[in-house]
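K.L.:
Here's my sequence, what's the structure:
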Amino acid sequence: MSIAAELGVRVMHGALPAENGIYYRDLGLVVLHVGLSETLELCTLAHELGHAHHGHTDTSEASEFAANRFAARLLIDDREYAAAEGMSDSPLFIAQELGVTLALVRAYLPSGASVRA
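P.N.:
As a prediction, this is how the structure comes out:
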C-alpha cells in the first residue's frame, strides 16, 4: 500500500500557477504541477504528504518545515546520507548525490548536526 493510500489521499497532476504542489485537506487531494522533473515531483509529493500526515491547515514556517522533515525522513536513507556526507559536507552535493532537493537535506538533520560519529 502506498503512503498516499494509507493517508487517504488521492494524487493528481494539474497546472498550478505558482506552486509545485498543493494539499487540499478537505478533499484529501494532492495536486502536483505538470512537467516537474522526476526529483522535484517525488520531493514535492513527499512534502505534500507530510502536510497530510500532520493534518496541516496552514502554510506557516513551522508547517512547511514539518512537511519537509517528513519528506526528508521518507526519502533519505541514513546510510546513504552518511556516505554522501563522507564525500562532501556541501548540502548541495549531498542533495544531488541523494536525488533530493536542497530543502530536504536541510530538513533532514537538526541545525548543525551531522551523521558522522
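K.L.:
could you say which helix or strand contains Arg106?
P.N.:
Taking DSSP states H and E as the criterion, Arg106 maps to helix 102-108.
K.L.:
other SSEs contacting that helix?
P.N.:
For helix 102-108, the elements it packs on are helix 38-54, helix 61-75, helix 91-98, judged by 3 or more Cβ pairs under 8 Å, 6 or more residues apart in numbering; DSSP states H and E. Glycine gets a C-beta too; all of them are placed from N, C-alpha and C.
K.L.:
Quick check: which of those helices is nearest to Glu6?
P.N.:
The minimum distance between Glu6 and the helices and strands packed on helix 102-108 falls on helix 38-54, with 9.2 Å, by Cβ to Cβ.
K.L.:
residues of the closest one that come out buried?
P.N.:
Residues 39-53 are the ones in helix 38-54 that count as buried (16 or more other Cβ atoms under 10 Å).
K.L.:
Pull the residues that contact the helix or strand containing Val11.
P.N.:
Assessed by DSSP H and E, Val11 sits inside strand 10-14. Contact with strand 10-14 is made by Ala4, Leu27, Gly28, Leu29, Val30, Val31, Leu32, His33, Val34, Leu45, as judged by Cβ atoms under 8 Å, 6 or more residues apart in numbering.
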